[in-house]
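# Starting from these lines, generate the structure:
(2 chains)
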Amino acid sequence: MPIDWVALIVFVLLFAFITVLGFTAVRWRRGNLDLLHEWGLAGSRFGTIVTWFLLGGDLYTAYTFIAVPALMFGAGALGFFAVPYTVMVYPVVFVVFPRLWSVARSHGYITAADFVRGRHGNRWLALAVAITGMVATMPYIALQLVGIQVVIAALGIESLGLGNDLPLIIAFIILAAFTYTSGLRAPAAIAIVKDILIWITVIVAIVVIPIELGGYGKIFAAVPPAKLLLASPEGNTLGNYSAYATLAFGSALALFLYPHSVTGVLSASNRLAISRNAAFLPAYSLLLALIALLGYMAIAAGVDKVAEYAPLFKEHGANFAVPALILAMFPSWFAGVAFAAIAIGALVPAAIMSIAASNLWTRNIYREFIRPDCTPVQESQMAKIVSLIIKFGALVFVLGLPLQYAIQLQLLGGVWIIQTLPAVIGGLYTRWFHDRALVLGWFAGIAAGTAMAASQSFRPIYPLHIAGWTIPCYAAFASLILNLVVVIGLTPVFNAIRAGRGEDETQAEHYV
Amino acid sequence: MDEKTPGRRPSPLWYLLLVAPFIAMFWVSSYNRVEPAWGGVPFFYWYQLLWIPIGAGLTLIVYFVTQRSDRG
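Below you'll find the model as predicted:
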């Protein structure tokens, strides 16, 4: 690819702007950044609107913007599961997460593991939740880099002879520096710019591209009929139907258990901000659905048949579909805007994820097990340093290992994080579950889910065989059911043998 | 806090509205079809898209109904 100077200049200017914004965010709703609560949760000062931008920037990542249309481009209708997924996620958020916010506010919790520690009184269960969160988050950070990598390739920067890695390293140093100095305030401020850029890009794309391609009818007509719908199941199987529904449902349950989601929820200044956002965040779902359709527009535009793009398709696969579509359909300056939106869209969640993971490390491992007597200043200093280490680790991961590993680990991350559901979401409603049963259920779910995914060469769908029927299921969903069966089955056993139970420091009125 | 008469508390049954999106989305065979297409967009796509505003609307309804009584 030859370098596109106009696009590159627009891109660099926008990137420079958010860099300055990231560093000046330290003064926004000023707080004492020597406190973990201020650095890692921005002092919980964000109202409904900032929370909307923050969660939107946090949950709808650059990887989503690249991978969802890529899946539509490659696999067709199955990729549209992102839509029922987001339809199902917000009722869950509306019902469940205001309770987490309230109890966290009452007790100063900053992570889900903090809550598990307080509610179930079992530090090992809290450790399991903390480690699960950290391990599930790290490959997710690595995948954000993929978004930046694809964009850098599309800009043709490699023709400058700097190599592919240098621009990525520069972007990550910027990210690490402003996260270190400004904490959660930086991604929150940048999220506002990022979301505006994404909205502009997508609205222009869904109006302009169909006009150029001759309307939505022509776009769908260009999609091969076999890809247009899910294959109907035949015989004793639920086929793609159960796969599609459980993929959406399992992803919806997992999403808000991720540490970066919890960080976004707990940074809100009031409970109503969470409930309101459960109604307003679906605006982003609409955006995501439209972005998914970009995959079909890329088919209709035939970008994979353009000789100029062939080497990049070869290198990045279907992930290059959206960048290629942008290059083919837009003038250079607007391609620069769109690419900046994607790259900045990678930095926001990467920053929040690294903050969330370092909150977990610092609160639930360092202070709990290593230095219980650490001062608040030491605690926040530890978190800042760990956030650097986590990002550096993600960078090494992406530069040193095949992309496939990051994708497989991110898939496993979803299977793992959902196993914290009984302890976290269950715990928000009941103390009936015995804490030891929760530990064993977590373990059973992790082991079974990992085995299921591994047996399918790390594809998400596992064919369950029940009573002569084959029910293809999202491995996270199937293993969560096993987890719940273990927890519910063993709780009466532990009660019967009078196994010791942890203390509950919360009270019913803390949840409402 | 709880000065309103119990009779004026909204029924928790309102929360059942939030079950609708799950039923609709799990019932894949109801929407895995091309017709009726809308402006060239197959049913599969526009129907699921339509559930995004429906889901948000149901959430808003439950929000307003439960909010009125919850706290002053």
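# Excluding residues flanking it in the chain, which one is nearest the closest residue to chain B within chain A?
Here the residue of chain A nearest chain B is A:Gly217; by Cβ to the nearest Cβ that distance is 2.3 Å. All C-beta atoms are positioned from the backbone trio N, CA, C, and that covers glycine. Distance criterion Cβ to Cβ, 6 or more residues apart in numbering or on different chains; nearest residue to A:Gly217, sequence neighbours excluded, is B:Gly40 at 2.3 Å.
# Could you pull up phi and psi at the one you found?
Dihedral angles of B:Gly40 (phi, psi; degrees, to the nearest 10) stand at phi 90, psi -10.
# and the helix or strand that A:Ala300 is a member of, anywhere near chain B?
For A:Ala300, the host element (DSSP states H and E) is helix A:282-301. Yes. Counting by Cβ under 8 Å from any Cβ of the partner chain, contacts between helix A:282-301 and chain B involve A:Pro282, A:Ala283, A:Ser285, A:Leu286, A:Ala289, A:Leu293.
# can you pull the contacts of the third one?
Pointing back at A:Ser285 there. Shown in contact with A:Ser285 (Cβ atoms under 8 Å, 6 or more residues apart in numbering or on different chains): A:Val83, A:Thr86, A:Val87, A:Tyr90, B:Ile52.
# is it possible to export those to a markdown table including pLDDT, secondary structure and distance to A:Met382?
Rendered in a markdown table, the data for the contacts of A:Ser285 read as follows (pLDDT from 0 to 100; DSSP: H, G, I helix; E, B strand; the rest coil; distance: Cβ to Cβ, whole Å):
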| residue | pLDDT | secondary structure | distance to A:Met382 |
| --- | --- | --- | --- |
| A:Val83 | 93 | helix | 41 |
| A:Thr86 | 91 | helix | 35 |
| A:Val87 | 93 | helix | 40 |
| A:Tyr90 | 91 | helix | 35 |
| B:Ile52 | 94 | helix | 41 |
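# for the longest helix seen in chain A, the distance to its chain's centre please.
Scanning chain A for the helix with the most residues, using DSSP state H, yields helix A:123-155. Averaged C-alpha coordinates place helix A:123-155 at 8 Å from its chain's average position (Cα atoms, centre = their mean, to the nearest Å).
# Show me which parts of that helix are buried, residue by residue.
Buried residues in helix A:123-155, counted by 16 or more other Cβ atoms under 10 Å in any protein chain shown: A:123, A:125-155.
# Equivalent analysis for stretch A:191-211, please.
A:191-195, A:197-198, A:201-202, A:205-206, A:209-210.
# Next: stretch A:27-46.
Going by 16+ other Cβ under 10 Å, stretch A:27-46 has these buried residues: A:28, A:31, A:33, A:35-46.
# Now find how far off-centre that stretch is within its chain.
With Cα atoms, centre = their mean, you get 23 Å for stretch A:27-46.
# Other residues contacting that stretch?
A:26, A:54, A:105, A:108, A:110, A:181-185, A:188-189, A:263, A:266-269, A:273, A:355-356, A:358-359, A:362-363, A:376-377, A:379-381, A:383-384.
# Which helix or which strand is home to A:Pro472?
Assigned by DSSP H and E, A:Pro472 falls in strand A:469-474.
# Same question for A:Leu253.
Per DSSP H and E: helix A:239-255 holds A:Leu253.
# how far out from the middle of the chain is that helix?
With Cα atoms, centre = their mean, you get 16 Å for helix A:239-255.
# Now do the next helix or strand after it against helix A:239-255, angle only.
Proceeding N to C from helix A:239-255, the next assigned helix or strand is helix A:259-266, under DSSP H and E. Angle of helix A:259-266 versus helix A:239-255, following axes from the mean of the first three to the mean of the last three Cα atoms, to 10 degrees, is 50 degrees.
# quick check, helix A:259-266 touching chain B?
No. Helix A:259-266 stays clear of chain B (Cβ under 8 Å from any Cβ), getting no nearer than 15.8 Å.
# Touching that helix from outside, list them.
Counting by Cβ under 8 Å, 6+ apart, A:40-41, A:44, A:51, A:54-55, A:58-59, A:97, A:100-101, A:104, A:109-112, A:133-134, A:136-137, A:140, A:184, A:255-256, A:274, A:349, A:352-353, A:355-357, A:359-360 sit against helix A:259-266.
# Would you tell me which residues of chain B are close to chain A?
B:15, B:18, B:21-22, B:24-26, B:28-29, B:32-34, B:37, B:39-42, B:44-45, B:48-49, B:51-53, B:55-56, B:58-60, B:62-63, B:67.
# cutoff 6 Å now
Residues of chain B lying near chain A by Cβ under 6 Å from any Cβ of the partner chain: B:18, B:21-22, B:25-26, B:28, B:32, B:39-41, B:44, B:48-49, B:51-52, B:55-56, B:59-60, B:63.
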